[in-house]
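> Fold the following and give me the result.
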Amino acid sequence: MFPIGDDNSDRTIQPVVNYAIIGINILVFVLLQRLGSNDAFTYAFSLVPKEIMTGVDISGVQILRDGAGHTAEIQHYATPLPVYFNFISSMFMHGGIAHIFGNMLFLFIFGDNIENRIGHVRYGIFYLLCGFTAAAGQILMGPDSIIPMLGASGAISGVLGGYALLFPKNPVRALVFNFLTTVPAFVAIGIWIVYQLVLGFLTPSGSGGVAYAAHIGGFLAGLVLIKIMAIGRSNPSFAKQ
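Residues are numbered from 1 along each chain as shown. Below is the predicted model:
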């Protein structure tokens with residue numbers, strides 16, 4: 001199932017923060033990552049669990065070893081800023097065109113509804129907090145890992161968590177194989193959750209990237225934080241739920 005749109009009939013404000021986040025992601029990927037070809041920038045500003053746990057910036061060629069005794073090399077580049085800045089920078093970088101396209105599509109579809117519900121400033125804070133929590137979840141799963149993590153997936157998972165809680169029955173247009181259909185949001189997001197759980201069982205320990213732990217951590221953060229962020233905000237769509 002591939003979502004392509006949702007019901008925005010209740011939207012009363014322009015989701016300028018959501019658009020800005022999408023724009024920043026695209027600009028970073030095109031201008032700084034050079035469509036994924038600038039390894040020096042990408043590796044320097046990705047999040048490395050061991051760097052966060054030790055506070056030490058890793059640079060140079062590093063040797064990776066898995067449980068089966070296989071080895072591989074990975075080139076690290078020094079970052080000009082403290083390694084903790086990479087919590088933020090890694091949220092706005094991607095590993096390839098397919099990666100950024102999928103992430104930005106999900107953010108475009110689901111983020112505007114959250115921003116409309118809780119407001120511009122709260123949405124920006126909500127998004128960043130979900131991203132931080134997602135990254136922390138992945139770090140806890142592998143604190144000694146030297147494999148760089150990057151991508152907006154963790155923060156977007158938080159957006160999905162908030163959307164599922166606030167708009168469970170909102171109709172979502174989706175492609176199922178070659179058919180266009182409409183399903184409730186809880187079905188579309190529920191399928192995504194199942195996919196992440198299956199991915200978690202299939203992902204080998206020590207694998208890199210923003211993996212299942214970040215996705216699930218971000219989603220859970222979204223479920224918790226959205227209730228806090230929505231305090232004092234009216235819910236004009238409640239009657240539709």
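
> Name the nearest residue to D6, sequence neighbours excluded.
Using Cβ to Cβ, 6 or more residues apart in numbering and skipping the chain neighbours, the partner closest in space to D6 is V172 (4.7 Å). Where you see a C-beta, it was placed from the backbone N, CA and C, and this is true even at glycine.

> List the contacts of the one you found.
Applying Cβ atoms under 8 Å, 6 or more residues apart in numbering to V172 gives the contacts P3, G5, D6, D7, I109, T182, V183, P184, A185, V187, A188.

> Check V224 too.
With Cβ under 8 Å, 6+ apart, V224 has no contacts at all.

> can you give me the strands in this structure?
2-6, 60-65, 71-76, 171-176, 179-184 (DSSP state E).

> ok and the second one relative to strand 71-76, angle-wise?
Angular relation of strand 60-65 and strand 71-76 on a 0 to 180 degree scale: 150 degrees, by axes from the mean of the first three to the mean of the last three Cα atoms, to 10 degrees.

> Dump strand 60-65 to CSV, keeping only the CA atoms.
What follows is strand 60-65, C-alpha atoms only, in CSV (Å, rounded to 0.1, in the frame of the first residue of the first chain):
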residue,chain,number,x,y,z
GLY,A,60,39.5,8.0,8.9
VAL,A,61,39.0,4.4,7.7
GLN,A,62,37.2,2.2,10.2
ILE,A,63,36.9,-1.6,10.1
LEU,A,64,33.4,-3.1,10.6
ARG,A,65,33.1,-6.7,11.8
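
> Name the strands paired with it and say parallel or antiparallel.
Sheet pairing for strand 60-65, assigned by DSSP bridges, gives strand 71-76 (antiparallel).

> likewise the last one?
With DSSP bridges as the test, strand 179-184 is paired with strand 171-176 (antiparallel).

> Report the angle between the strand it pairs with and strand 2-6.
150 degrees.

> quick one: buried residues of strand 171-176?
Neighbour counts over strand 171-176 (16 or more other Cβ atoms under 10 Å) mark P171, V172, R173, A174 as buried.

> and which of these is nearest I193?
V172 (14.2 Å; Cβ to Cβ).

> Let's test this: name the helix or strand in this protein with the lowest mean pLDDT.
helix 185-202 (a mean of 76; mean pLDDT, DSSP states H and E).

> tell me the contacts of the residue nearest the centre of the chain?
Geometric centre of the chain, nearest residue: S153, 2.0 Å, by Cα atoms, centre = their mean. Applying Cβ under 8 Å, 6+ apart, we find S153 in contact with N103, A134, V210, A214, H215, G218.

> about what we covered before: so what pLDDT did the residue nearest to D6 get?
pLDDT recorded at V172 is 95.

> Same check on G162?
97.

> Who are the contact partners of the residue lying closest to it once chain neighbours are set aside?
Nearest non-adjacent residue to G162, counting by Cβ to Cβ, 6+ apart: I226, 3.5 Å away. I226 makes contact with I114, I118, F126, G161, G162, L165, L166 under the criterion Cβ under 8 Å, 6+ apart.
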